[in-house]
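Colleague: here are the coordinates; sequence isn't available:
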């Protein structure tokens, strides 16, 4: 099997790790950074920037910059830039492609397989969308692992005494809390809860809204209406949030934020930690309900929790740590970098699958109840939430009308008693049912959830004993033809990226040769030797004005040879 890497595909930042010499190692980016901003920019010439370069130009080109795409996974929203529409899996695939390229550069070999983490509370459509993103990026997604479970692996709780552990995961765009039972190398998830629309981004918005309101009160200008001003304000709000995790107040200065009748208006304010806590208190409190629900579902009391692990950069906020302590009665453990632990855990699970890590077993759960719609729009559960996966369950249904030859089964995921409050996963039509009065046909429908938490469905007519073909049309996911198109697109851009890297490397090397040639002494050279050197320099300068790396390399090699004589 090829080298398996672990990837934390995050809302704000992403990270990759690999097992090397029996240890999990973070894979650095080409600039040496340990995490990559989950930011993508589509430039006017059609080229793409991913990571830190995309983030750096975001203030100047906010309409061309895409943040927090993870929140849109599994949904129907599309990003339109220059008349082209991009799906969330396509944007996520650009981030994954960057991580894949960095891993190949670090390892010196092709990378084709990966374990990718997702929030524990991700629905089936969101997990499918994540797998689609991996496919588009040229990765075989061997397993999808819940982030809290991966974090528990990274903390090494499997090597400690038997205990129950709470993992509190507050990332950039999602929130999860899981209760795990750890014993004898087995990590069993007892319960999970969370909110896919709650994270550090919301804290940034709360601060930015406050700053915008203050600025508007002073200038009567609204930064919400100016994309560039709002982008600068959000960046400043995020920085203030980070600073206030270690200091009592943060100074925010944004000169020339907007103009009023040709006169520049500046923002200059101080935000205290007390103000920040007051602005974000509803967000912190919104995490406590799921924390209590997870403990209730796991049937454990706060006193039975042996350790509380913090995951996600937003858990550095002091008010968050205080709230976790209040609800669990325990000081959270902070023994590992919350930005990196999920990727480390993913690489450990990759090691388990590859056979390089022994004596470890993950037993995860499905976060939401799975069932079908019955008459009157009633939700009929089949697999309950917090059921250990992989799992398979079968239920028998019948027809609602006389002499039906087909039935439509609508599969939903959620906790509401009526289907209209739950998430539609897909429509399944079973054809070829023998004509009979209502209630006579016996239709056996089997739901299975694999180890990645992805749902599979099959059906069988008991009267004939033959399995029937079911077509699944998953809500919000990409059709195969769109995945194929996106894969081809990604390959084309991968080639373009390789060419740009070669071009940049050739240019750097050529400029270095030119510098050495200019710095070298020529007094001892003959007229003929000087002439050849001058001609070689001119040829290299012409090559540097173009974009052909081969021409640069050849011209640089020629000049280098002459200088060496």
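Modeller: The structure has been received and is ready for your questions. Quick caveat, the model's predicted, so the values are computed rather than measured. Numbering: from 1, shown residues only.
Colleague: run through the bridge partners of residue 164.
Modeller: Beta-bridge partners recorded for residue 164 (DSSP bridges): residue 181, residue 305.
Colleague: distance check, it against residue 249.
Modeller: Distance of residue 164 to residue 249, computed by C-beta to C-beta, to the nearest Å: 39 Å. Glycine gets a C-beta too; all of them are placed from N, C-alpha and C.
Colleague: the more surrounded of those two?
Modeller: For residue 164 and residue 249, the more surrounded residue by other C-beta atoms under 10 Å is residue 164, and the numbers stand at 19 against 14.
Colleague: was I right about that one contacting residue 301?
Modeller: No: using C-beta atoms under 8 Å, residue 164 is not in contact with residue 301, being 9.8 Å away.
Colleague: where are the low-confidence patches of this structure?
Modeller: 1-2, 157-160, 358-362, 464-502, 504-505, 508, 519-523, 564-565 (pLDDT under 70).
Colleague: ok, residues contacting the longest strand seen in it?
Modeller: In the chain, taking DSSP state E as the definition, the longest strand is strand 249-260. The contact list for strand 249-260 (C-beta atoms under 8 Å, 6 or more residues apart in numbering) reads 211, 215, 219-221, 223, 226, 229, 232-233, 236, 239-240, 243-244, 264-273.
Colleague: of the residues you listed, buried ones?
Modeller: 211, 215, 219, 221, 223, 226, 229, 232-233, 236, 240, 243-244, 265, 267, 269, 271, 273 (16 or more other C-beta atoms under 10 Å).
Colleague: among those, name the ones in strands.
Modeller: 265, 267, 269, 271.
Colleague: tell me the one of the residues you listed nearest residue 155?
Modeller: Nearest to residue 155 among those: residue 271, at 32.6 Å, using C-beta to C-beta.
Colleague: show me what contacts residue 82?
Modeller: Listed by C-beta under 8 Å, 6+ apart, the contact set of residue 82 reads 42, 44, 46.
Colleague: now those in TSV, with secondary structure and neighbour count?
Modeller: Shown next, in TSV, are the contacts of residue 82 (DSSP: H, G, I helix; E, B strand; the rest coil; neighbours: other C-beta atoms under 10 Å):
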residue	secondary structure	neighbour count
42	strand	22
44	coil	9
46	coil	11
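Colleague: any idea how far residue 85 is from residue 224?
Modeller: For residue 85, the distance to residue 224 - C-beta to C-beta - is 25 Å.
Colleague: the two - which one has more neighbours?
Modeller: residue 224 (13 against 9).
Colleague: residue 212 is in contact with the more buried one, correct?
Modeller: Yes: counting by C-beta under 8 Å, residue 212 is a contact partner of residue 224 at 5.9 Å.
Colleague: overlap in contacts, these two.
Modeller: In contact with both residue 224 and residue 212: residue 230, using C-beta under 8 Å, 6+ apart.
Colleague: what residues sit buried inside the longest strand of the chain?
Modeller: By neighbour count on 16+ other C-beta under 10 Å, the buried set for strand 249-260 is 250, 252, 254, 257-258.
Colleague: and which of the residues you listed is nearest residue 331?
Modeller: Of the buried residues of strand 249-260, the one sitting nearest to residue 331 (C-beta to C-beta) turns out to be residue 250, at 25.5 Å.
Colleague: partners of that closest one in the sheet?
Modeller: residue 271.
Colleague: ok, residue 134 to residue 349 distance?
Modeller: Using C-beta to C-beta, one gets 15 Å for the distance from residue 134 to residue 349.
Colleague: ditto for residue 138
Modeller: Distance from residue 138 to residue 349, counting by C-beta to C-beta: 21 Å.
Colleague: the two: who's more crowded?
Modeller: residue 349 (23 against 18).
Colleague: and the spatially closest residue to residue 38 that is not a sequence neighbour, how many residues sit next to it?
Modeller: Nearest residue to residue 38, sequence neighbours excluded (C-beta to C-beta, 6 or more residues apart in numbering): residue 14, at 5.0 Å. Each residue near residue 14 was counted by other C-beta under 10 Å, and the total is 26.
Colleague: I figured residue 14 was touching residue 92, is that so?
Modeller: No: at 9.2 Å, residue 14 does not count as touching residue 92 under the criterion of C-beta under 8 Å.
Colleague: in the stretch 1-150 of the chain, which spans are strands?
Modeller: 4-8, 13-20, 23-26, 36-37, 40-42, 48-50, 65-66, 79-81, 84-86, 113-118, 140-146 (DSSP state E, counting those that start in this stretch).
Colleague: the ones you listed: which one's closest to residue 516?
Modeller: Closest among the strands of the stretch 1-150 of the chain, using C-beta to C-beta: strand 48-50, at 31.9 Å.
Colleague: the closest one pairs with which strands, and in what direction?
Modeller: Here strand 48-50 has these sheet partners by DSSP bridges: strand 40-42 (antiparallel).
Colleague: which residues does the partner strand contact?
Modeller: Contact with strand 40-42 is made by 48-50, 53-54, 57-58, 61, 64-66, 69, 81-82, 86, 91, 94-95, as judged by C-beta under 8 Å, 6+ apart.
Colleague: check stretch 179-192 too.
Modeller: 120-121, 146, 148-149, 152-153, 157-158, 160, 162-167, 176-178, 293-300, 305, 359-365, 367, 386, 388.
Colleague: check contacts around the most centrally placed residue in the chain.
Modeller: Nearest to the mean C-alpha position of the chain, by C-alpha atoms, centre = their mean, lies residue 9 at 2.7 Å. Residues near residue 9 by C-beta under 8 Å, 6+ apart: 38, 70, 92, 95-96, 116-118, 130, 133.
Colleague: how about TSV for the residues you listed, with distance to residue 288 added?
Modeller: Listed next are the contacts of residue 9 as TSV, based on distance: C-beta to C-beta, whole Å:
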residue	distance to residue 288
38	27
70	23
92	30
95	31
96	33
116	29
117	24
118	23
130	28
133	32
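Colleague: nearest to residue 313, of these?
Modeller: Ranked by distance to residue 313 (C-beta to C-beta), the contacts of residue 9 are led by residue 38 at 11.9 Å.
Colleague: could you measure from the closest one over to residue 435?
Modeller: Taken as C-beta to C-beta, the span from residue 38 to residue 435 is 54 Å.
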